[in-house]
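Engineer: Provided below are the primary sequence and the corresponding predicted coordinates.
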Amino acid sequence: MAAGLFALLDDVAALVKLTTASLDDVAGAAGRASAKAAGVVVDDAAVTPRYVQGLEPRRELSIIGRIARGSLINKILIILPVALLLSQFAPWALTPILMLGGLYLSYEGAEKVWEKITGHEEQAEARNEAVAAAPEENEKKIVSSAVRTDFILSAEIMVIALNEVASEGLVSRAVILAFVAVVITVLVYGVVALIVKMDDAGLALSKRESPGVAGFGRGLVKAMPIVLATLSNVGIVAMLWVGGHILLVGVDELGFHPPYAFVHHLEELLGGGFPGWLVNTACSAVIGLVVGGILVAIAHLLPRRKQEQHV
């Protein structure tokens, strides 16, 4: 009986060791997947602050929290199961679906550029002022718009992570993607919350008795509008970059190689590394701007044609 007990303990120890090794493998794969998605995470963090720019400070964290909740729902309840099912039964469909998201991001980015060029950016600021007057209805619109944009970026993050762990089993893939979804959402929106509340922190520091601390606080308050405006512009470029990159890689995977081959040739001419990455990023942003500009033009022409037909 003692021998049987020791044999059972040996089996339990072996099972624990196997489980620990499996967890280590999952953690390692999750870490690799998160690292691969880091570029899009930066874009996501840059895009989001523009949705709360100009809003009443006391509602900023509430709106960011709602966007973060929507982002997590996007990743866990929609993107993750769909990505797993497609990767298991129809992996060929992932690229075309992702390219539709690239078109949307390119359109969003180009529309923001169009607003800046035509002076319609003031209308966006007026919309933000309207939020202060009718918070419930208009905040829903802002959150809805942010969550839609986040959906595309989240899909890109999850597909990048999925490609990194494609060799894992279905259950391991699900666990890894869920881990990546939670960690990246907390990271992105935690950073965004810190960014948009830095002016409040600066205001609190400016009231301290220490001249050095108070001076730093005042400098922080003065700097934050510039930082937020810069991040807003970075967010626009990020949408064009990510959208264009999705389209660039997508058409290559679908069999049309010249655009990607040309960009890759430029990267090689510069020796790869950071200069090569910079060229790839610039080319992707230009592609996003051109494609997005065409979509914006179509979107603006359609209402005019309808009006002319009615006249």
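Structural biologist: Perfect, I can see it now.
Engineer: quick one, phi/psi of residue 165?
Structural biologist: When quoted as degrees, to the nearest 10, the phi and psi of residue 165 stand at phi -120, psi 30.
Engineer: That one contacts residue 174, doesn't it?
Structural biologist: No - assessed by CB atoms under 8 Å, residue 165 is found out of contact with residue 174, at 10.0 Å. Using the backbone N, CA and C atoms, a C-beta is placed for each residue, glycine as well.
Engineer: Between the two, which has more neighbouring residues?
Structural biologist: residue 165 (23 against 15; other CB atoms under 10 Å).
Engineer: Just the pLDDT at the more buried one, thanks.
Structural biologist: Here the pLDDT value assigned to residue 165 is 75.
Engineer: roughly how far apart are it and residue 156?
Structural biologist: 16 Å (CB to CB, to the nearest Å).
Engineer: before we move on, what about residue 97?
Structural biologist: Distance, residue 97 to residue 156, by CB to CB: 11 Å.
Engineer: what does residue 247 give?
Structural biologist: Taken as CB to CB, the span from residue 247 to residue 156 is 12 Å.
Engineer: Equivalent analysis for residue 196, please.
Structural biologist: From residue 196 across to residue 156, the span is 23 Å (CB to CB).
Engineer: can you check residue 264 too?
Structural biologist: 20 Å.
Engineer: Work out for me the element residue 216 sits within.
Structural biologist: helix 211-253 (DSSP states H and E).
Engineer: Helix or strand next in line after that helix, which one?
Structural biologist: helix 258-269.
Engineer: quick one: which of residue 97 and residue 156 has more around it?
Structural biologist: residue 156 (25 against 15).
Engineer: Show me what the helix or strand residue 115 falls within is packed against.
Structural biologist: Using DSSP H and E, residue 115 maps to helix 94-118. Contact here means 3 or more CB pairs under 8 Å, 6 or more residues apart in numbering; DSSP states H and E; on that basis helix 94-118 packs against helix 80-89, helix 121-133, helix 135-164, helix 211-253, helix 273-310.
Engineer: Of those, which shows the lowest average pLDDT?
Structural biologist: Across these, helix 121-133 gives the lowest mean pLDDT, at a mean of 53.
Engineer: show me what contacts residue 287?
Structural biologist: Counting by CB atoms under 8 Å, 6 or more residues apart in numbering, residue 287 makes contact with 106, 244-245, 247-248, 259.
Engineer: Try it again at 7 Å.
Structural biologist: Counting by CB atoms under 7 Å, 6 or more residues apart in numbering, residue 287 touches 244, 247-248.
Engineer: Can you lay out these as a markdown table showing distance to residue 73 and neighbour count?
Structural biologist: Shown next, in a markdown table, are the contacts of residue 287 (distance: CB to CB, whole Å; neighbours: other CB atoms under 10 Å):
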| residue | distance to residue 73 | neighbour count |
| --- | --- | --- |
| 244 | 27 | 27 |
| 247 | 26 | 24 |
| 248 | 29 | 21 |
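Engineer: Between the residues you listed, which sits nearest residue 298?
Structural biologist: Distance to residue 298, by CB to CB, is smallest for residue 247 among the contacts of residue 287, at 16.1 Å.
Engineer: hang on, isn't that closest one packed against residue 101?
Structural biologist: No - if you go by CB atoms under 7 Å, residue 247 and residue 101 don't touch, sitting 9.8 Å apart.
Engineer: what residues are shared contacts of the two?
Structural biologist: Common neighbours of residue 247 and residue 101 (CB under 7 Å, 6+ apart) do not exist.
Engineer: Which positions within the helix or strand containing residue 188 qualify as buried?
Structural biologist: Element membership of residue 188 [criterion: DSSP H and E] is helix 170-196. For helix 170-196, a neighbour-count test (16 or more other CB atoms under 10 Å) marks 172-173, 175-177, 179-181, 184-185, 188-189, 191-193, 195-196 as buried.
Engineer: Same check on stretch 154-171?
Structural biologist: Those would be 154-162, 164-165, 168, for stretch 154-171 by 16+ other CB under 10 Å.
Engineer: Now tabulate the residues you listed in JSON lines and tack on distance to residue 140.
Structural biologist: Formatted as JSON lines, the buried residues of stretch 154-171 follow (distance: CB to CB, whole Å):
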{"residue": "154", "distance to residue 140": "20"}
{"residue": "155", "distance to residue 140": "22"}
{"residue": "156", "distance to residue 140": "25"}
{"residue": "157", "distance to residue 140": "25"}
{"residue": "158", "distance to residue 140": "25"}
{"residue": "159", "distance to residue 140": "28"}
{"residue": "160", "distance to residue 140": "30"}
{"residue": "161", "distance to residue 140": "30"}
{"residue": "162", "distance to residue 140": "31"}
{"residue": "164", "distance to residue 140": "35"}
{"residue": "165", "distance to residue 140": "36"}
{"residue": "168", "distance to residue 140": "39"}
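Engineer: can you tell me which of the residues you listed lies nearest to residue 274?
Structural biologist: residue 160 (20.0 Å).
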